[in-house]
Every structure is written in structure tokens, then in C-alpha cells.
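> quick check, what structure comes out for this input:
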Amino acid sequence: MGRRLVLWDIDHTLVDTRGVGRALFEEAFRQVTGRNMERQAKIDGLTEPVIFRETAKLHGLDAGREQFEEFAKALAECHLRRVAELRERGHALPGAVSVLTALAAVPSVVQTVVTGNILAVAEVKLTAFGLDGHVDLALGAFGEDADERTDLVRLALERAAVSASDAVLVGDTPADVRAGLDADVRVVAVASGKSSEQDLTKAGATETVPDLADTRRLVQLLAG
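As a prediction, the model looks like this:
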């Protein structure tokens, strides 16, 4: 059997920050722009630079790459400073630890993440909830790498030196599904966010599951 690459989304697939993520985004936005965040752009399936840029537009601001980099630095610092609050209020979604652990025991499987989060924030979230031990972040793709999720999937395949046919993406939004399919990667969609299994099936997911609770089934779907 060849190597199998599992590409995990983070927010609402593996973890739920229970509003802390938005609060930290708001804090970093205020630090960088000098404006209180009155509204935030729709975030489901978008990458951090796009969310920042679109949120800035909602406030009449034109934010370029340089300002995003300032924002990314501030956002990372906010997460590090308030990691205890993140750990207290948020949580790993049911089954996440068990599935990651079970897949790590399969010799052919390599796990990483494809996420709209910047790398520093992804690392904080995974570490806060004990999910960092079984994913290789060096192979992942993150918000600062590209604006579009499909480009992130392709970048992760390149970094892992794995063909699309030997990879599977796990995410909770139609945007995750489209990103995987556009990169010719099989998608197992989890209805643990705002989208139902019906929504995810309609988007084209190869398989859908209600959550990560059934470790045995997930291992079959992801390692097979």
C-alpha cells in the first residue's frame, strides 16, 4: 500500500473555539486598523487574508498584503497570550483525538492540515486541545500561503510529494468540499459545523458523516 495523506480542516472539523476565535480576530483587527470591528465578513470556508481584507472593506478600509502581515502577527500574539482562555472555553470536537490517534497507528497514513488559519494560529489551536502530536505541520498549507483553498490543497500535495489520488480531505463546509474536488482529492465531509450532511452531499462530498464519533468508520474511510 502506498502512502495515504489525510488533510484535515481545523475549525468546526477538529475544534470549536466557542467564540474565542472571533474575539481574538476582533482584538487583532483593532490593534492593526485602529478601528473597532463592527462586522466581520462571512468566514465559513474562507482563508484568513480574505476574511481580513473583506472585513476591512466592510469598514471602508482598503487593506493590502503588508497590512495583512501586520494583522497576522497581531493575531498570532493574541492567540499565544490568551491560550488559557481558548483552552477553557473551546474544545476538541468529540472523536477528534481518537481518530487522529487511530490513524497515526496506520503505517501508511500521514496526517496534516489544510486550513484558512495562519500557521501560528493553527499550531496554537491544535496544541491547546492536544491534537498536535499526530499531524505534520511542515506538510500542511495555511492562510498565509494562498487566498484560495484549492491552492492550499495543491500546495499540501506538493509539500507531501503525494498524488491527489493518494489523498483525502476532511472538512465541514461546502468550500472545503469544492477545494478538495477542484484539486481532484477525495473528500470526507463532516456535518459538525453549520452545514448539514445533505448540504455537504449536494456540494459533491465523496462521503459524509455526522461527526467524528465513529472512529472505526472514519479510519476505514480515511486510511482505505
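> top helix in this protein by residue count?
Once the chain is assigned using DSSP state H, the helix that runs over the most residues is helix 65-81.
> let me see the mean pLDDT of it.
Here helix 65-81 scores 97 as its mean pLDDT.
> what's the following helix or strand after it?
Per DSSP states H and E, helix 65-81 leads on to helix 83-89 as the next helix or strand towards the C-terminus.
> show me which residues of that following helix are buried.
86-87 (16 or more other CB atoms under 10 Å). Just so you know, the C-beta spots here come from the backbone N, C-alpha and C atoms, and that holds for glycine as well.
> cool, stretch 55-73 as well?
55-56, 61, 63, 67-68, 71-72.
> how far does it stretch from start to finish?
End-to-end span of stretch 55-73 (CA to CA, to the nearest Å): 17 Å.
> need the residues that contact that stretch.
With CB atoms under 8 Å, 6 or more residues apart in numbering as the test, stretch 55-73 has contacts from 28-29, 32-33, 35, 37-41, 48-49, 52-53, 118, 120, 143-144.
> V15: neighbour count?
The tally of other residues near V15 (other CB atoms under 10 Å) stands at 22.
> where does it land on pLDDT?
98.
> surely it meets R87?
No: when contacts are counted by CB atoms under 8 Å, V15 is not listed as touching R87 (10.5 Å).
> between those two, what contacts are shared?
Overlap of the contact sets of V15 and R87 (by CB under 8 Å, 6+ apart) consists of F129.
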